[in-house]
Each structure stands twice: as structure tokens, then as C-alpha cells.
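Visitor: From the sequence below, what's the structure:
(chains A, B, C and D)
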2 protein chains.
Amino acid sequence: MNTSAEQFGGRASLTRRISDDIRRRILAKEWAPGEKIHSESELSTTYKVSRVTVRTALKTLEYQGLVDIRHGSGTYVNDFGRAIPTGLNELRSMSETISELGYEPGMEYKIADIRPATDLEIEKLQLDSPDSVLYLERAVLADGKAVAFSYDTINISSLPSDVVEEMKRGSVFASLDTINSRPIRALAEVDAVIDKNIGWGSQRPEDDLFLLLQQVHYAGDGEPLMYSRTYFMKGRFQFLILRTR
Amino acid sequence: MNTSAEQFGGRASLTRRISDDIRRRILAKEWAPGEKIHSESELSTTYKVSRVTVRTALKTLEYQGLVDIRHGSGTYVNDFGRAIPTGLNELRSMSETISELGYEPGMEYKIADIRPATDLEIEKLQLDSPDSVLYLERAVLADGKAVAFSYDTINISSLPSDVVEEMKRGSVFASLDTINSRPIRALAEVDAVIDKNIGWGSQRPEDDLFLLLQQVHYAGDGEPLMYSRTYFMKGRFQFLILRTR
DNA sequence: ATCCACTAGTTGTAGGACAACTATTGACTA
DNA sequence: TAGTCAATAGTTGTCCTACAACTAGTGGAT
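Guide: Sure thing, here's the model as predicted:
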């Protein structure tokens, strides 16, 4: 099946692996939007798992907005096209998202320092006063063009130093993956800002207008891992949110 | 149990009713954040339903970010208390959200007309060309103070005329409730805009800066019900999104 | 042409069983 | 004394089988 979860240990639950695979098949257009996918019994035999597991997997996809499960009728692929998989509901790294949109992701590092935490960072990351943090300022690139400027603070108090060194150059999420502590939840806040001090280079907007995504990422045990402010430039990125009842 | 679903017909599934009730109990602080709630078997006996039903209900709450289910250990209440019910993940009317934040909601009507649909509206609402729509321009009030300006287009092609008349004055969501066709899904897009033509009155911002929430609401059968653009004034509203894997 | 009982197929819920995992306890060891 | 580890009780994950509830289509009766 080769899910992303399997790539770092194969610890994902059976339900998760099934869910990931059906999701992949839907995004690969195995079924057209509006079309009915295989029944739960059929899927359970082909995957060689119980119907309970398939049901749980499908419920996840339903909540993600990918499918619509209709009692007595079947499970249908929703017609939101490629909008959903790039939405804000799913927690993904910027690189992953850009890559899924069909662009070549990139990062341009401006600052990568270890320094004492500020008061704001101590509060957001629930740190002790003397703690040091890894602070990054980067431009997020899609096909070589800047789409956002990111100001990230990473809680390194419980990270090995070689992993921290790696983060100074490569993807933060990928580095966290190697020690199996990728964030599983983030609380994000969106705002519109006009700020002359944000961004750099020739590609920053003249009207100083940005869409700010401010978020704290949490590990599985609830510990805050990263506090990041990402300033998106207007029109270069689409922010989609699926809202459900 | 008195869930919102029961109030208009009681057609909600058993799982849904259980899920709603446990959610209510969590938000009512029956268990403190971080605390372990009753086990699945215990819940299944007290609710007099099968463990399957309880599990499915809890899975929903987990996806909504309310609880954390840990294999072999138990189900724990997450610490995002106030963020969840007012976040963008949950589909609620503006009035409901404002009310949950502790303010007195209100609406100031500027325009409420029935007129032919524009090309954009025909596309967003998947209408036939000659269709008429209900168009509203309103200021959203919290404690009498404007927090946003809303430009809404409602698909009235399959609505009785008395309900449409009601919408011209009261809450759109409430009117849709009376005929059991409240939207269950919305696809929202967020953007930052500077626009001199948005808003009115003394409370509109001088810098013309707004956070735009542009969304299409869908009914249970997938039919588009409403296309709305809401322009929020900076700092008067918090946009929270819970992101999960 | 309309209505309606019937039916095959599908999802929803039930109950019982066992596997996999977690956290705690308490005996054993260095 | 402090640390290690096996045993254990409790909890969630998965499986199996069965039936209830619902949907969409079929085909006959009116």
C-alpha cells in the first residue's frame, strides 16, 4: 500500500492504512466524482479485513469531505475535485501541500538560529523561562517563486541535537518524522495584516498586504512542538476549509 | 437527549445522537481537559447501545478534535475547549457563533431583494439561467457593534415562498431549519482584501482592510443552497481552525 | 400511465470474542 | 535502596455473524 505512515515505521493502525489507500485511489480518479465506490463488504474482502475496519476508514474519509455515505444506498465520491486534499483541515507541511498542487516546492533560508525564547514563544510553546529554541525565517517557494514568508519557532527541549542541526537546512516536518514525533494536531488562527516589516526580496507585495496563518503544532502527547507565523501573499495560494455539521 | 437534530424530526442516526450528547457533556465540563472519560463498554451500557455505536460516535469527536483516543489506555478530553465550538471547522451560522462567544448577536439589513441571478451566482449555485435568487446585504452585529459585512445569495428555486419571505427579516439558517433543509456542508475560501466598496456606516475600517470568507453551503443531497461573502473587520473576530492528520 | 408490493443490495446497529496495547502493581535483583 | 521485570487488570483495535433499516429498481395490478 505504501502509505506515508508506513514509510516511518508502519505503526499506523489497520484502519489508517486502509483509509489512506482508499483516499489515494479516489484522488487517483479510480472513481469519478458522484460515482458509487465498491460496497463495504466488497472492500472488506479485497483488503482482507473486517467490514468494521472498512467502515471506520470510510467514516474518516466522509469526515474529510471526500465521500458521502448514504444509508441503504452506498458510498459516493464527492464532487469537490482537487479542492479538498489541499485544504486547511488536513495537517500537512507547506512542501507537501505545494507538491500536491503540482508545483515544485522549495525553501529559501534567511535565518536559522538557536537563541533564548521570547516571552511570546514561552507562552505559546509552554516552555520554561531559560529554554532555547530554534528560530527560522524562510521564504516558501513554489516553482522557484515566493508564495509566503514563514517565521517559525521550534521547541527543541526534547529533541536530539543532530535532528536540530538537520532542521536548519531541510524540512522541519521531515526531520521530526525521523524520530517519529511529527505533529498530529495544530490550532491555527487566520488574520489579514498590512505590515511593512514582513518579507524580503523583490517578490514581496507593494501594498504590504498578507494573509497570516498563525499556528501552534502539537505532538501526539499534547506537547507543543512549533509556533509558526506564515504570511501568505495574496493570490498565490488558495485557502480552503471544509466545514461540516 | 434533546439534540439539535431531534428538534426537527429526530431523524438523526443513533450514532449521531450519542455523539451529540457526549459532545454536549464534554463542553459542559463534565470531564476536565486531559481527563479520561468513561470507557467504551461503560458508555455502551449506560446509553443502552452497542459498543460499535459508541466507538463510531467517539471517532467523530476525535476527528472534531474534542477527544484523543489512545489504544489500550482510554479516551481523553482535549484541551482546546473554547476553540472547538467557535472554530471554522464547525458549520454554524454567524449568530450562533457570536452567541457562543458570549455576545448578543444581531443583523442590520441593508438590502433584501429577489432578483435574477448573476453569472457568478449561476456558476456557484449551479442554477439555470433564468432563475431568481434572494440577495441580502447585511451588517453582522455583536453587542450592537458591527463585526462584519455579509453579501449573501440564496438559491430559492426549491423553497416555498413563505420561507423566502421569512428570510428577508430573520436568520437564514433558522428559516431553512423549519423546512428541514439546513446546510450540512460548506466549502469556504479565505482571503485578505483591501476594498473601498465594502461595508457602510461609521464603523467600517479606514484602511479598507477585510478578511474575506467566501463560501458555498450545500444541503444533504449535495444541492448548493447559498453563496455568501462575509467581510470581517480586523481584530473583531477570531478565525480558529483545528487541523488534524 | 400510475401506483404499489416485492426484492436485491447496501449501510446501520447488535453482541460476543479475542488481539494488541497501556499503566500499574509487586516481586525479584543488583 | 534503587532499579528491573514479569504478571495483571483494564482499555481500545479488529474480527465474525446476524439482523434491522433504508434505497432503488422491478414488475405486476389497477
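Visitor: So residue A:181: helix, strand or coil?
Guide: What DSSP: H, G, I helix; E, B strand; the rest coil gives for residue A:181 is coil.
Visitor: Tell me the spatial nearest neighbour of it, not counting adjacent residues.
Guide: Distances taken as Cβ to Cβ, 6 or more residues apart in numbering or on different chains put residue A:219 closest to residue A:181, at 5.3 Å, once the chain neighbours are dropped. Every residue, glycine included, has its C-beta placed from N, CA and C.
Visitor: so that neighbour sits right up against residue A:186, yeah?
Guide: No. Residue A:219 sits out of contact with residue A:186 when judged by Cβ atoms under 8 Å, with a separation of 10.8 Å.
Visitor: So between the two, which is more surrounded?
Guide: Taking other Cβ atoms under 10 Å in any protein chain shown, residue A:219 and residue A:186 do not tie; residue A:186 has more neighbours (21 against 18).
Visitor: Counting neighbours, what do you get for residue A:140?
Guide: 24.
Visitor: for the one 10 residues further on, same thing?
Guide: The number of residues packed near residue A:150 is 19, by other Cβ under 10 Å.
Visitor: For the lowest-mean-pLDDT helix or strand in chain A, which helices and strands make contact with it?
Guide: Ranking every helix and strand in chain A by mean pLDDT, DSSP states H and E puts helix A:172-178 at the bottom, with a mean of 78. With contacts taken as 3 or more Cβ pairs under 8 Å, 6 or more residues apart in numbering or on different chains; DSSP states H and E, helix A:172-178 sits against helix A:161-167.
Visitor: switch the cut-off to 10 Å
Guide: Packing contacts for helix A:172-178, counted by 3 or more Cβ pairs under 10 Å, 6 or more residues apart in numbering or on different chains; DSSP states H and E, involve helix A:94-100, strand A:132-142, strand A:145-155, helix A:161-167, strand A:209-218, strand A:224-233.
Visitor: so what's the residue in chain A sticking out farthest from the centre up against?
Guide: Distance from the centre of chain A peaks at residue A:72, with 34.4 Å (Cα atoms, centre = their mean). Residues counted as contacts of residue A:72 (Cβ atoms under 10 Å, 6 or more residues apart in numbering or on different chains): none.
Visitor: Spell out the secondary structure type for the closest residue to DNA strand D within chain A.
Guide: In chain A, the residue that lies nearest DNA strand D is residue A:72 (2.2 Å; Cβ to the nearest atom of the strand). At residue A:72 the chain is in coil, as set by three-state DSSP.
Visitor: for residue A:29, same thing?
Guide: coil.
Visitor: what's the distance between it and DNA strand C?
Guide: 19 Å (Cβ to the nearest atom of the strand, to the nearest Å).
Visitor: list the contacts for that residue?
Guide: A:35, A:77.
Visitor: coming back round to it: mind checking if the helix or strand just after the least confident helix or strand of chain A is in reach of chain B?
Guide: Following helix A:172-178 in sequence order, the next helix or strand is strand A:185-194 (DSSP states H and E). Yes. Looking at strand A:185-194 against chain B by Cβ under 10 Å from any Cβ of the partner chain, the contacts come from A:185, A:186, A:187, A:188, A:189, A:190, A:191, A:192, A:193, A:194.
Visitor: Please name the strands paired to strand A:185-194 in the sheet, noting orientation.
Guide: strand A:209-218 (antiparallel), strand B:239-244 (antiparallel) (DSSP bridges).
Visitor: Figure out which of these is closest to residue A:151.
Guide: strand A:209-218 (9.6 Å; Cβ to Cβ).
Visitor: and chain A, which residues reach DNA strand D?
Guide: A:13-16, A:49-53, A:56, A:70-73 (Cβ under 7 Å from any atom of the strand).
Visitor: Just the buried subset of the residues you listed, written out for ChimeraX, thanks.
Guide: Of the residues of chain A next to DNA strand D, the buried ones go into a single ChimeraX selection, burial set by 16 or more other Cβ atoms under 10 Å in any protein chain shown:
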select /A:15,16,49,53,56
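Visitor: Need phi/psi at residue A:93.
Guide: phi -70, psi 160 (degrees, to the nearest 10).
Visitor: what's it in contact with, if anything?
Guide: So residue A:93 contacts A:99, A:105, A:171, A:172, A:173, A:174, A:176, A:177, A:182, A:183 (Cβ under 10 Å, 6+ apart).
Visitor: And stretch A:216-235, end to end?
Guide: For stretch A:216-235, the first and last residues are 24 Å from each other (Cα to Cα, to the nearest Å).
Visitor: how about the most centrally placed residue in chain A, secondary structure?
Guide: In chain A, the centroid-proximal residue (Cα atoms, centre = their mean) is residue A:92; its distance is 1.1 Å. At residue A:92 the chain is in coil, as set by three-state DSSP.
Visitor: Surely it and residue A:100 touch.
Guide: Yes. Shown here, residue A:92 and residue A:100 form a contact pair, counting by Cβ atoms under 10 Å, at 7.7 Å.
Visitor: Quick check, pLDDT for the residue in chain A that chain B sits nearest to.
Guide: Nearest residue of chain A to chain B: residue A:192, at 3.6 Å (Cβ to the nearest Cβ). Confidence at residue A:192, expressed as pLDDT, is 93.
Visitor: Where does the prediction get shaky in chain A?
Guide: A:1-11, A:81-85, A:180 (pLDDT under 70).
Visitor: doesn't residue A:42 make contact with residue A:54?
Guide: Yes. The pair residue A:54 / residue A:42 is scored as a contact, 9.1 Å apart, by Cβ under 10 Å.
Visitor: ok, these two, which is more surrounded?
Guide: The residue with more neighbours, out of residue A:54 and residue A:42, is residue A:54; 26 against 12, by other Cβ under 10 Å.
Visitor: Now do the domain split for chain A, please.
Guide: Per automatic domain parsing, the structural domains of chain A span A:6-84, A:91-233.
Visitor: Just put those in TSV and tack on distance to residue B:114.
Guide: Below are the domains of chain A laid out as TSV (distance: least, Cβ to Cβ, whole Å):
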stretch	distance to residue B:114
domain A:6-84	28
domain A:91-233	32
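Visitor: and the gap between residue A:120 and residue A:133?
Guide: 11 Å (Cβ to Cβ, to the nearest Å).
Visitor: Give me the common contacts of these two.
Guide: A:153, A:227.
Visitor: Same drill for those two, tell me which one is more crowded.
Guide: More crowded of residue A:120 and residue A:133, by other Cβ under 10 Å: residue A:133, with 23 against 10.
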